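Undergrad: Okay, predicted coordinates and the sequence, questions at the end:
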Amino acid sequence: MIYTVTFNPSLDYIVAVDDFQLGMTNRTTFEQILPGGKGINVSIVLNNLGLETTALGFVAGFTGEEIRRRVEGIGCLSKFIPIESGISRINMKLRSIEGTEINGMGPAISAEKIEELMRLLDDLTDTDMLVLAGSIPSSMPDSMYMDIMKRLKDKHVLIVVDATRELLVNVLRYHPFLIKPNNHELGEIFGVELKTRSAVVPYAKKLQEMGARNVLISMAGEGAVLVAEDGSFYETHAPKGTLVNGVGAGDSMVAGFLAGWLETGDYSHAFKMGVAAGSASAFSELLATKAEIEQLYATL
């Protein structure tokens with residue numbers, strides 16, 4: 001089973017407004033509500049590719065119940081832990097102005113609820129995979145990802161981490177199976193600017209030296225790079241297409257990579273599946289379908 005953890009899931013309220021004006025009443029011309037959060041996105045794309053997955057995390061209030069309903073309605077399993085006070089966040093994304101969004105806070109997570117999640121994770125075995133993705137709510141310790149990996153280190157669970165800066169660097173000592181920073185996040189770790197595929201390779205290898213097994217670097221229009229555990233290296237340009245919605249593209253890349261690797265154990269295939277899935281989501285209103293991924297895979 002592949003488990004994903006989203007500590008602070010959301011309902012994403014996506015709207016378009018023609019000629020948006022500050023200080024005025026604006027009316028939407030397009031509306032869409034989707035379950036949101038990096039781990040949930042990974043689960044949805046894995047489900048689209050025919051793999052069984054269970055979404056874990058915390059939900060609260062009527063929005064939390066709607067997140068659960070929508071995730072399960074898509075076909076994913078879930079074991080969300082209910083929080084008695086507060087509500088799961090609503091993130092408003094204004095499609096008319098690229099990159100403009102207002103993200104909610106979400107509920108406070110108590111130490112007791114964190115321990116409840118830990119007990120769920122204690123049941124994982126070496127036949128399972130775990131995806132840890134996204135930011136940590138302010139009510140939780142910054143060491144959360146590291147704490148989880150430390151607790152599971154003797155279970156030989158394959159763990160994927162998609163996080164930034166210290167959240168990522170701090171887990172490397174526990175040898176995650178896969179990490180997926182983008183080129184900007186990789187540059188932030190080492191204090192450099194990385195614009196080309198060739199430029200990211202030495203720094204991806206540094207992350208391997210620090211403990212990561214496989215390092216997958218997404219670079220938007222520039223393409224992607226994989227430095228694999230077996231010493232192989234892969235790079236590719238970005239597939240051609242029109243950017244429709246960049247939200248979830250990186251999460252889709254993680255899902256595609258895992259699906260490809262589980263299918264064949266071949267890093268070349270896994271890499272191309274990751275690139276195809278990430279691009280297919282970027283070129284679509286919703287997260288990538290299997291047919292969309294297969295169509296782009298054939299072009300790589």
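TA: Thanks, I have the structure now.

Undergrad: Provide a complete list of residue ranges assigned to helices in the stretch 51-200 of the chain.
TA: 61-74, 111-121, 144-152, 165-169, 183-190, 197-209 (DSSP state H, counting those that start in this stretch).

Undergrad: Among these, single out whichever gets nearest to Leu132.
TA: For these, the distance to Leu132 is smallest for helix 144-152, at 5.2 Å, taking Cβ to Cβ. C-betas here are computed from N, CA, C, even on glycine.

Undergrad: quick revisit: would you format the helices of the stretch 51-200 of the chain as CSV with mean pLDDT and mean neighbour count included?
TA: Compiled in CSV, those are given as follows (pLDDT from 0 to 100; neighbours: other Cβ atoms under 10 Å):
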stretch, mean pLDDT, mean neighbour count
helix 61-74, 96, 18
helix 111-121, 96, 14
helix 144-152, 94, 19
helix 165-169, 86, 17
helix 183-190, 90, 18
helix 197-209, 92, 17
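
Undergrad: can you redo these as TSV with distance to Ser10?
TA: Below are those laid out as TSV (distance: least, Cβ to Cβ, whole Å):
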stretch	distance to Ser10
helix 61-74	7
helix 111-121	18
helix 144-152	18
helix 165-169	18
helix 183-190	21
helix 197-209	29
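
Undergrad: Give the residue spans of this structure that score low on pLDDT.
TA: Where the chain drops to pLDDT under 70, the residues are 98-99.

Undergrad: what does stretch 267-276 contact?
TA: Residues from elsewhere that reach stretch 267-276, judged by Cβ atoms under 8 Å, 6 or more residues apart in numbering: 214, 216, 223-224, 226, 228-230, 232, 234, 236, 238-239, 253-254, 256-261, 263-264, 293-294, 296-297, 300.

Undergrad: Strands - which of those land there?
TA: Secondary structure assignment (DSSP state E) places Asn214, Leu216, Ala224, Leu226, Tyr234, Thr236 from the contacts of stretch 267-276 within strands.

Undergrad: And the buried ones among the contacts of stretch 267-276, selectable in ChimeraX?
TA: Written as a ChimeraX command, the selection of buried residues from these, which uses 16 or more other Cβ atoms under 10 Å, is:
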select :214,216,223,224,226,228,234,236,238,239,253,254,256,257,258,259,260,261,293,296,297,300
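
Undergrad: picking that back up, for Leu243, which of the helices of the stretch 51-200 of the chain is the nearest?
TA: With Cβ to Cβ, the closest approach to Leu243 among the helices of the stretch 51-200 of the chain belongs to helix 183-190: 16.8 Å.

Undergrad: Just give me how far the closest one sits from the chain centre.
TA: Relative to the centre of its chain, helix 183-190 is centred 17 Å away, using Cα atoms, centre = their mean, to the nearest Å.

Undergrad: what does stretch 290-298 give?
TA: Going by Cα atoms, centre = their mean, where stretch 290-298 is centred and where its chain is centred differ by 20 Å.

Undergrad: and if you look at stretch 266-280?
TA: 15 Å.

Undergrad: sorry, back to before: quick one: closest of the helices of the stretch 51-200 of the chain to Arg95.
TA: Using Cβ to Cβ, these put helix 61-74 closest to Arg95, at 19.2 Å.

Undergrad: what about the nearest residue to Glu101 once chain neighbours are set aside, distance to Phe30?
TA: Computed as Cβ to Cβ, 6 or more residues apart in numbering, the closest residue to Glu101 that is not its neighbour in sequence is Lys93, at 4.3 Å. From Lys93 over to Phe30 the distance is 11 Å, taken as Cβ to Cβ, to the nearest Å.

Undergrad: more neighbours, these two?
TA: Neighbour comparison, Lys93 and Phe30: the larger count goes to Lys93, with 20 against 12 (by other Cβ atoms under 10 Å).

Undergrad: Contacts only, for the more buried one.
TA: Asp12, Tyr13, Ile14, Val15, Thr100, Glu101, Val247.

Undergrad: and Asp251, backbone torsions?
TA: Recorded main-chain torsions at Asp251 are phi -70, psi -40, according to degrees, to the nearest 10.

Undergrad: For it, give me its contacts.
TA: Taking Cβ under 8 Å, 6+ apart as the definition of contact, the neighbours of Asp251 are Lys38, Gly39, Asn41, Val42, Val45, Ala133, Asp162, Ser281, Leu287.

Undergrad: In a helix, the fifth one, correct?
TA: Yes. Read with DSSP: H, G, I helix; E, B strand; the rest coil, Val45 is one of the residues of a helix.
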